[in-house]
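S.K.: What follows is a predicted protein model with its sequence.
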Amino acid sequence: MNRSLLLICGLISIGFLFCIFNISNAEASPLQTGGPNTISPKVPTSQNSSQSPKSSRLPGRKDNRQQIPKPERNRLGDGGGKRKKSLGGGNGKKARKADGKKNSKIKSSRRLSNEIEYPPKKKKEDRELKVQTERVDDIPLLIAAMEKMGIQQAIDRHISVQRHQRELSWGHTAVIWLAYILSEGDHRKVSVQEYIRGMQNTLSELTGMKIHELDFADDRLTHLVTYLSKKENWEEIEKELSEHSIEAYDLPNETSRVDATTVSGYHETVEDGIFQFGHSKDDPNRPQIKIMTGSLDPLGMPLATDVVSGEKADDGLYGPVIDRISSILNKEGVLYIGDCKLSSFENRVHIKGEKVKGHYLCPLPNTGKTPEKMKEWIDEGKHKDSRDELIKYTVKNKKGKEELKAKGYELEIDQTGEEDGKEISWKERVLIVKSPSHERQKVKGLEKRLKNAEEKLNKLTPPRGRGKRQITEEAILLEKGDTILKQHKVEGFLTYEYEKEVKTEEKYIGRGRGSDKREKKVEEKIRYQVTKVIRNEEKINEAIKTYGWKAYVTDVPKERLDFIGVVKSYRQQYSVERIFNRLKSRLNIAPFYVKRDDQTKGMTHFLTLGVRVYTLVEFVVRRSLKTSGEKLVGLHLENPKKATDIPTCERLLKAFSKITLTIFDMGDNVLRHLPPLSQLQTNILRHLGLDPAVYENLEITQSGNLKAE
């Protein structure tokens, strides 16, 4: 009872004190005496400044004490009348207008010394400075190189302009789009329009034409790719480009390399479609297309490209490409180098025929009668090697020591074939060559395959245990064991022994506890266990003796290429592989980002034009450096002092990164600023045969009537 009474008294005391506090605050507040949103003139300035914001204003109302009174001023241009600066809006303008009329007769001598004079207000567009930046990078270099190659002229000559087409030609569209792809590594059509929107000034200056982002809309680029997919258009464009490049850059045209590759995609396979399942090194679980390319040696520039469905064999694709290359080079005696699929007898006869009149060089495949002949040729090679009669091809390594690259011998046989009803006879040279490095690589690969196969065979039958699945049938064990041997290509090199294990167990028949009177049954649990994996050392050693030996066939006269010359020529076959590497890596051909077959074919054709640009830029710079004896310094960021005379095109283009064009738009004038080119960049342009003005012309000052739109 006493506690409750004390609690009630305490609450009454707190309420009484709270009421007294509110009354005292209300008497001290200036809002009570000066009215709402006003400051009482009786309160000194020092007291006003000491009041807190919370206590000096009501919720939801503005604090006018923060506003600084605007001084009245006379403007000389308006007649010197008194005016108050408006806080904006239409009422302020009317007040200034009325005030100007009222004080228009007051003389300028009445101006006060402390008045602030404001300059006449300018128009907004004259007062603002607009700054725009564009990443130039390697775009001027690429466009200038493509113009020198004649890409724009070739496309415009063979793709007709439609009636309602936009003013920008197909050739200029292709050059600008290709420059974007080579610079960014992105061939998606959807991303081009946004890029053009931020590069209109640079592209207009480089091409001399007005560039608009609608010139690169998705549907317009689709039309361009469709035109490039048509066989009649593509072959004519490709032929003109190749002929012009060979003449303009004085390229060698004695040797051509042909090869094929596959590109997989996430596409549906339809009958007669271009995406089909076939033998693939990329991904055999996805459908693919096949690209057959013939390139010009030694630079590796594509000359002719065919895109076919992915299930077709390579053998029948060489003839059409070789025919097109022959028409482009327009000369006899061209050497065509390819892999073992080129060595089919039909292809060799075709090259020797009246239509091509060329030469061939290719290895013989290990099929047909070749394996039997190879045993005799290898035995003869070993016999000659024991008497030191083999021809040796050596080079000096980095330490200055002679290193054996290959050794072998050659023999000559007579060949006869028939094409178009005419019999053709020629002398064929067969070169039996052994490569020590290839031998070491093959031995190392065999040892790796043997170890992997042994490990899998031993793990095929794990010991009994929880979660360990056992093989209970002999047929299943043999099937899985043979699959492992075949998968690792070690059939005949490995054998394995196994045994059958039977475990018996008695169980009561039925459910419940056992007893002496209950019947029992005997169950057998069978499993097969691999007990031993054995290497067949005799066959392994016989196979190792044949490693490193290979047979090549050619009809090139010895006066043109001797034994060592033939070996050197074939060892440069990687140059055509660089075409496929650039398509799949730098240009990212897969995925295609298109669905229709014609778009896939046209996009592939278009990207091979990009490989042409890469290859030609690289070759021209390397040739110029070799001729002048100079080297480029600064291409390797990890080693800035490193000098090289064999730079790659990718590094050459990377040297032009982070070049930005800044445009200052001042209304009447437009000022453009571009950082000066470095010595490395100037040297690259010089060796490429381009004028630095392709960059310097972007930095210009224009008057208002010349202002770029």
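M.R.: Received the coordinates, thanks. Residues are numbered from 1 along each chain as shown.

S.K.: ok, residues contacting the strand or helix carrying Glu505?
M.R.: Glu505 belongs to strand 494-508 when elements are defined using DSSP states H and E. Contacts to strand 494-508, defined as C-beta atoms under 8 Å, 6 or more residues apart in numbering, come from residues 450, 453-454, 457, 461, 474, 477, 481, 485, 514, 518-536. In this view, the C-beta of every residue, glycine as well, is placed from N, C-alpha and C.

S.K.: Mind giving me the PyMOL command for buried ones among those residues?
M.R.: To isolate the buried ones among the contacts of strand 494-508 in PyMOL, judged by 16 or more other C-beta atoms under 10 Å, type:
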select buried, resi 450+453+454+457+461+477+481+485+527+528+529+530+533
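
S.K.: Can you point out the buried residues in whichever helix in the chain runs longest?
M.R.: Secondary structure of the chain per DSSP state H: the longest helix is helix 597-628. For helix 597-628, a neighbour-count test (16+ other C-beta under 10 Å) marks 597-622, 624-625 as buried.

S.K.: so for that helix, what's the average pLDDT?
M.R.: For helix 597-628, mean pLDDT rounds to 95.

S.K.: try stretch 261-277
M.R.: Taken as a whole, stretch 261-277 has a mean pLDDT of 91.

S.K.: so how far is it off the chain centroid?
M.R.: On the basis of C-alpha atoms, centre = their mean, to the nearest Å, stretch 261-277 sits 21 Å off its chain's mean C-alpha point.

S.K.: Contacts for it next, please.
M.R.: 278-284, 286-291, 293, 307-311, 580, 583-584, 589-592, 595, 597, 600-601, 604.

S.K.: residue boundaries of the helices in the stretch 301-450 of the chain?
M.R.: 318-329, 345-352, 370-386, 436-459 (DSSP state H, counting those that start in this stretch).

S.K.: for Lys595, helix, strand, or coil?
M.R.: Here Lys595 is coil, with the state taken from DSSP: H, G, I helix; E, B strand; the rest coil.

S.K.: from now on call the first residue 33
M.R.: With 33 as the first residue, the last one maps to Lys627.

S.K.: tell me the phi and psi of the closest residue in space to it that isn't next to it in sequence?
M.R.: With sequence-adjacent residues excluded and distances taken as C-beta to C-beta, 6 or more residues apart in numbering, Lys627 is closest to His299, at 7.3 Å. Main-chain dihedrals, His299, degrees, to the nearest 10: phi -130, psi 160.

S.K.: and if you look at Lys557?
M.R.: Torsion angles, degrees, to the nearest 10, at Lys557: phi -110, psi 120.

S.K.: ok, it - contacts?
M.R.: By C-beta under 8 Å, 6+ apart, the residues touching Lys557 are Val534, Lys535, Thr536, Glu537.

S.K.: Make JSON lines out of the residues you listed and add pLDDT and distance to Asn573.
M.R.: Output for these, formatted as JSON lines (pLDDT from 0 to 100; distance: C-beta to C-beta, whole Å):
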{"residue": "Val534", "pLDDT": "84", "distance to Asn573": "39"}
{"residue": "Lys535", "pLDDT": "82", "distance to Asn573": "41"}
{"residue": "Thr536", "pLDDT": "79", "distance to Asn573": "46"}
{"residue": "Glu537", "pLDDT": "76", "distance to Asn573": "48"}
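
S.K.: Tell me the one of those residues nearest Gly699?
M.R.: Lys535 (97.4 Å; C-beta to C-beta).

S.K.: Can you report how many residues neighbour the closest one?
M.R.: If you count neighbours by other C-beta atoms under 10 Å, Lys535 ends up with 10.

S.K.: Could you do Thr301 as well?
M.R.: 15.

S.K.: gap between it and Ala345?
M.R.: Using C-beta to C-beta, to the nearest Å, Thr301 is found at 18 Å from Ala345.

S.K.: show me the biggest strand of this protein in terms of residues.
M.R.: strand 434-451 (DSSP state E).

S.K.: packing partners for that one?
M.R.: If contacts are counted by 3 or more C-beta pairs under 8 Å, 6 or more residues apart in numbering; DSSP states H and E, strand 434-451 sits against helix 377-384, helix 402-418, strand 423-428, strand 454-466, helix 468-491, helix 595-603.
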